[in-house]
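K.L.:
fold the following, please.
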Amino acid sequence: KRGDLFEQHQTPEVWVTLFGSAVFVPQPLNMYDLESLAHVAIPGAAAVGLGLAALYTYHTSQISIKPSPHDTMKTYDREDQVDHAAVAQKLEDISSAIEEGAVSFLKAEYKYISAFMTVFALLMCIPGFLENGVYAGVAFFVGGLTSLTCGYIGMRIAVYANVRTAKQATIGIGEAFVCAVKAGCVMGFALVSIGLLVLYALILVYRNHFQEDHQAMFEVVAGYGLGGSAIALFGRVGGGIYTKAADVGADLVGKVEQGIPEDDPRNPAVIADNVGDNVGDIAGMGADLFGSFAESTCAALVIASYSQELCSNWGSIVFPLVLSAAGILVCFVTQFFATTFFVIDKIEDIQKSLKNQLLISTVLMTPVAVFVCWLYLPATFVFEIKTGSETGDVIRITAKWWYSAVCILMGLWSGLFIGLVTEYYTSHSYKPVRDVAHACQTGAATNIIYGLALGYQSNIIPVVCLAATIYVCHMLAGMYGIALGALGMLSTLSIGLTIDAYGPISDNAGGIAEMAGLGEDVRKRTDALDAAGNTTAAIGKGFAIGSAALVSLALFGAFVTRSEIGLVNLMSPLVFAGLLFGSMLPYAFSALTMKSVGLAALAMVAEVRRQFHEIRGLMDGTAKPDYARCVSISTDASLREMMLPGAQVIFTPLIVGFVFGKTALAGVLAGALVSGVQMAISMSNTGGAWDNAKKFIESGQLGGKHSASHAAAVIGDTVGDPMKDTSGPSLNILIKLMAIISLVFAGAIDKYGGFLWKWL
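P.N.:
Numbers count the residues shown, from 1 in each chain. Reported below is the predicted structural model:
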């Protein structure tokens, strides 16, 4: 259909068949040069995303914290009671404290991560250990460095925008909403654009060395995904432990024991709590989804290298990157519906506007994905995968361009459905969370029972969606179809990250408004922004878990393809034993991370109690708490406790692969995937439901604040904090990182692995 189109000296007038009908297109031949189009489209889309991020950074910088003649008469609801200069100074001081805490934590964390990256990269470069190990090590280091950069950018814009969102809330709900969304856009578009641009540049550099050996080239490029995912592990686990240790300490002592409001400036842990939102939910979450983007792209590239038809044209082989570039442009159009086209003037419109971002981006991406598939993929292409058998059997999978389009759309729409189901189970606008809130009337025990049941039940529809997507994609295009399904789910990642980052920014804005004493009406607006942010954060977690499942399976397929395993036989004792062992790993990992939060929280609770007991005048507001001490406790505990869970994830696939062999490792990866996805969904949704049940009661329902129902809800929320913000989200990285490590080391495992099993 298009194969002859790119031969030299062809007539500029060609017949193009689209959906079975012939269309005469008198165009110059170079309009169809896919390589040239790819060279323009990928950097061009990244430039658009970075340009938007720069523009919205400038817009945010133009919001002044200090009062001016233009806003003093229309800001602050208690106009007759407020000293504007004093409030402005408070805003600046609080913002500086949060920024200082976040920067100091990331600097300390990045020292540990940099040491790990250097050692691991050198390990990969050992002569004879990995084929082309030096190139894989460089790709790993570049991926890790890119992930660190993106996380740091997100954290900086978040701590810069949160105080300005609080300031804008003194003017109106619409102004505050736009400020938070634009800051979220900076995070979303900068991360995806930088990730795409750096990956494509790395591929072009390696292309000069590997020439037409696409299999070897993309195998080492997979190190880029490994680097991003390794950083995500430490970012998610370390950041999650940090934020939840502070949150649990602030809630248990401040709310439950002392009876003071959330984010009360008298609470010594309040600054550490707000710092945690930035290092955990911004930097950690950004690194997580960057890892998903990098890994799904690398998996698709590795599998595509086994098709001669795709390898025959550069535009076809780098199609996964072109799809991501198209997604940036679609998201660029979508964000205007929240920032420009529609004005938020009522609290009820906030959640609707954020949900519309998901709907609009999915609808717009649908025809774009089909068009890009038609333009860049051959009419028919075949994958030839060796089974590794002694007879040299080869599995042949034939796919068509529209098969690929269906795979992408399955992933795209599954992601939307998973997001909407997550919203249903975690928003207090719907029955499940309200049932949990009503259960609080009979105490904390019934609250916890209902919350756990909700989490288990919330697995059903997402798992069905994922199962249907996996089945259809594999039937149409094998493991390449599953990789495209993951890319389809992540094609609107810029918008997904935008609404995800919106949540912590709004949460911080509410805390800053409370600490600065901006008034009840301002706090009511920031509470509304925060409540919507809690739901969008839960949607983002569901989206991340769904994409992690597809990404992990795509990486599993790439590992099986590279290792020439062929079909994984579940009746094999070695594979089945690996399956059982792998399904246990998410439980062991969750136990480590939950206990780590508990240990850090114990130290935080003891410190907060000590300050309330020893600092005279603290409860009266005449003395200031020692915020820095609480920040230090969270920092030290998170850095110390993240080591063991990280070691489990990184070394398990290597030990299993080299000791028991590649087939046992295949079983371990499959078991961890099946168990981890459902556990992650359950934990995240249970924690989100408990959080919003508390918010529902705090809105004045079922007795409101300081009632027995509220006390029970606070306990449930405290139990759910490490589930939804530490263990649950970190499970995404467990299943992805184990798979990408297996893929990168597949050659070495195939060559040296299984020495113990062979001996037995």
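K.L.:
low pLDDT regions in the stretch 251-400 of the chain?
P.N.:
386-393 (pLDDT under 70).
K.L.:
nearest spatial neighbour of Cys373, chain-adjacent residues omitted?
P.N.:
Nearest residue to Cys373 in three dimensions, chain neighbours excluded: Ala405, at 4.1 Å (C-beta to C-beta, 6 or more residues apart in numbering). To be clear about C-beta, it is placed using only N, CA and C from the backbone, and glycine gets the same treatment.
K.L.:
that neighbour: which element?
P.N.:
Per DSSP states H and E, Ala405 falls inside helix 401-426.
K.L.:
elements contacting that helix?
P.N.:
helix 349-376, helix 431-439, helix 460-490, helix 520-563, helix 662-698 (3 or more C-beta pairs under 8 Å, 6 or more residues apart in numbering; DSSP states H and E).
K.L.:
burial measure for the residue nearest to Cys373, as a count.
P.N.:
By the measure other C-beta atoms under 10 Å, the count of residues near Ala405 is 21.
K.L.:
contacts only, for it.
P.N.:
The contact partners of Ala405, taken as C-beta atoms under 8 Å, 6 or more residues apart in numbering, are 369-370, 373-374.
K.L.:
can you give me the helices for the stretch 151-300 of the chain?
P.N.:
Chain-ordered helices for the stretch 151-300 of the chain, with DSSP state H, counting those that start in this stretch as the definition, fall at 173-210, 214-249, 270-278, 285-304.
K.L.:
state the mean pLDDT of the first one.
P.N.:
Which is helix 173-210. Here helix 173-210 scores 92 as its mean pLDDT.
K.L.:
what's the angle between the helix or strand hosting Val142 and helix 520-563?
P.N.:
Per DSSP H and E: Val142 is located in helix 133-169. Counting by axes from the mean of the first three to the mean of the last three C-alpha atoms, to 10 degrees, helix 133-169 lies at 170 degrees to helix 520-563.
K.L.:
chain center to helix 133-169: distance?
P.N.:
12 Å (C-alpha atoms, centre = their mean, to the nearest Å).
K.L.:
quick one: which of the helices of the stretch 151-300 of the chain is nearest Ala544?
P.N.:
Ala544 lies closest to helix 285-304 among the helices of the stretch 151-300 of the chain, at 5.9 Å (C-beta to C-beta).
K.L.:
list the buried ones in that closest one?
P.N.:
285-304 (16 or more other C-beta atoms under 10 Å).
K.L.:
just the CA atoms of that helix, as PDB, please.
P.N.:
Taking Å, rounded to 0.1, in the frame of the first residue of the first chain, the C-alpha atoms of helix 285-304 are listed here in PDB:
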ATOM      1  CA  MET A 285       4.300  10.500  41.000                       C
ATOM      2  CA  GLY A 286       6.000  12.200  38.100                       C
ATOM      3  CA  ALA A 287       8.900   9.800  38.200                       C
ATOM      4  CA  ASP A 288       6.400   6.900  38.300                       C
ATOM      5  CA  LEU A 289       4.500   7.900  35.200                       C
ATOM      6  CA  PHE A 290       7.700   9.000  33.400                       C
ATOM      7  CA  GLY A 291       8.900   5.400  34.000                       C
ATOM      8  CA  SER A 292       5.700   4.000  32.500                       C
ATOM      9  CA  PHE A 293       6.100   6.200  29.400                       C
ATOM     10  CA  ALA A 294       9.700   5.300  28.900                       C
ATOM     11  CA  GLU A 295       9.200   1.600  29.500                       C
ATOM     12  CA  SER A 296       6.100   1.200  27.300                       C
ATOM     13  CA  THR A 297       7.900   3.000  24.500                       C
ATOM     14  CA  CYS A 298      11.100   0.800  24.900                       C
ATOM     15  CA  ALA A 299       9.000  -2.400  25.000                       C
ATOM     16  CA  ALA A 300       7.200  -1.500  21.800                       C
ATOM     17  CA  LEU A 301      10.600  -0.600  20.100                       C
ATOM     18  CA  VAL A 302      12.200  -3.900  21.200                       C
ATOM     19  CA  ILE A 303       9.300  -6.000  19.900                       C
ATOM     20  CA  ALA A 304       9.000  -3.900  16.700                       C
END
